[in-house]
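Asker: Need coordinates for the following:
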Amino acid sequence: MIRFRTNFLIVRDIEAHDLDILLGFYTQKANMRFISDGKYDWTRPELEAKYQKINKDYALGFGAFVVELASTGEVIGEAALFNSFNEPQILEIGYIIDSPFWRKGYGREVCQGLIDYGFKELGVKRLVARMYADNTASVMLSEICDMTHTNTGRAENGKVVFRYEINNPNYQSRI
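Answerer: Numbers count the residues shown, from 1 in each chain. Sure thing, here's the model as predicted:
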């Protein structure tokens, strides 16, 4: 199922035939150095387990998705809206773009696309992005996408972490 389109990208649900391609992204140090603990020796069973856990909320419209080029269908990354806070009205944005596709504007399209999808399609209240402070590309993208720096902390590994947020200006409680 296609979740959203941007000028150059299609973001859709992960299918079984995507797993080997995604595993290729997860086993490259350059792609994973700013992701969580920087693990880049993933196995297929580990990745499958991750997606099973994250994508249990597909029916609600969020989880991890494939990012592909609209022009060719080539898979170039992963985009996600995570229910990290156990509150489906506050979701976390995450994405991985394969390193050969960096600095081409795809990260910006994915980030803005996730914001638009979360607010317009899912009607969530707030979106959060957390990143290591030295991940300057993600910090810059968060600011370009009108997210506000709201907190600075430390990860378990001691690295400085920034938190960026953006609120849905049209949010109305459904309670």
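Asker: My reading is that H149 lies in a strand. Confirm?
Answerer: Yes - applying DSSP: H, G, I helix; E, B strand; the rest coil, one finds H149 inside a strand.
Asker: now it: how far from R126?
Answerer: For H149, the distance to R126 equals 14 Å [Cβ to Cβ, to the nearest Å]. The way it works is simple: take the backbone N, C-alpha and C, and place the C-beta from them, glycine included.
Asker: In terms of neighbours, single out the busier of those two.
Answerer: Higher neighbour count among H149 and R126: R126, with 17 against 13, using other Cβ atoms under 10 Å.
Asker: Low-confidence stretches in this structure?
Answerer: For the chain, applying pLDDT under 70 flags the ranges 173-175.
Asker: That one: strands as residue ranges?
Answerer: Using DSSP state E, the strands found in the chain span residues 2-5, 9-13, 63-69, 75-82, 90-97, 126-132, 148-154, 160-167.
Asker: quick one: buried residues of the fourth one?
Answerer: By neighbour count on 16 or more other Cβ atoms under 10 Å, the buried set for strand 75-82 is V75, I76, G77, E78, A79, A80, L81.
Asker: My guess is the fourth one contacts D98. True?
Answerer: Same thing as E78. No - E78 is beyond contact range of D98, at 9.2 Å (criterion: Cβ atoms under 8 Å).
Asker: list residues touching both of those two?
Answerer: With contacts defined as Cβ atoms under 8 Å, 6 or more residues apart in numbering, the residues shared by E78 and D98 are F25.
Asker: could the buried residues of strand 75-82 go into JSON lines alongside distance to D116?
Answerer: JSON lines is the format used below for the buried residues of strand 75-82 (distance: Cβ to Cβ, whole Å):
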{"residue": "V75", "distance to D116": "21"}
{"residue": "I76", "distance to D116": "19"}
{"residue": "G77", "distance to D116": "17"}
{"residue": "E78", "distance to D116": "18"}
{"residue": "A79", "distance to D116": "12"}
{"residue": "A80", "distance to D116": "15"}
{"residue": "L81", "distance to D116": "12"}
